[in-house]
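1. Got a sequence here, can you model it:
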Amino acid sequence: MSNLQFLLLIEAFLTLTLTSFIWFIATWDAEKEQPVSLTVPTPTERDLS
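-> Numbers count the residues shown, from 1 in each chain. From the prediction side, this is the model:
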């Protein structure tokens, strides 16, 4: 494999990765997904329940 082929392979991989990430962000729907963060109740909220 020549240097040019190797560089084209790397460029193709980076282009595919970047395009995939942009597609993921562009089609993200926060309403459909569960939140990833965890909310820990404060001590006063725990006492009320």
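2. So what touches the longest helix along the chain?
-> Of all the segments assigned as helix in the chain under DSSP state H, the longest by residue count is helix 3-26. By C-beta atoms under 8 Å, 6 or more residues apart in numbering, the residues outside helix 3-26 that reach it are Met1. Placement of C-beta: from N, CA and C, glycine included.
3. Return the set of buried residues in it.
-> Buried residues in helix 3-26, counted by 16 or more other C-beta atoms under 10 Å: none are found.
4. average pLDDT across that helix?
-> For helix 3-26, the mean pLDDT works out to 96.
5. Using CSV, write out every CA atom in that helix.
-> Extracted in CSV, the C-alpha atoms of helix 3-26 (Å, rounded to 0.1, in the frame of the first residue of the first chain):
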residue,chain,number,x,y,z
ASN,A,3,1.6,6.4,1.1
LEU,A,4,-1.1,8.0,-1.1
GLN,A,5,-3.5,5.1,-0.6
PHE,A,6,-2.9,5.1,3.1
LEU,A,7,-3.6,8.8,3.4
LEU,A,8,-6.8,8.4,1.3
LEU,A,9,-7.8,5.6,3.6
ILE,A,10,-7.3,7.8,6.7
GLU,A,11,-9.2,10.7,5.0
ALA,A,12,-12.1,8.4,4.1
PHE,A,13,-12.3,7.1,7.7
LEU,A,14,-12.2,10.6,9.2
THR,A,15,-14.8,11.8,6.7
LEU,A,16,-17.1,8.9,7.5
THR,A,17,-16.6,9.5,11.3
LEU,A,18,-17.3,13.2,11.1
THR,A,19,-20.3,12.7,8.8
SER,A,20,-21.7,10.1,11.1
PHE,A,21,-21.3,12.4,14.1
ILE,A,22,-22.9,15.4,12.4
TRP,A,23,-25.9,13.1,11.3
PHE,A,24,-26.2,11.9,14.9
ILE,A,25,-26.4,15.5,16.2
ALA,A,26,-28.7,16.7,13.5
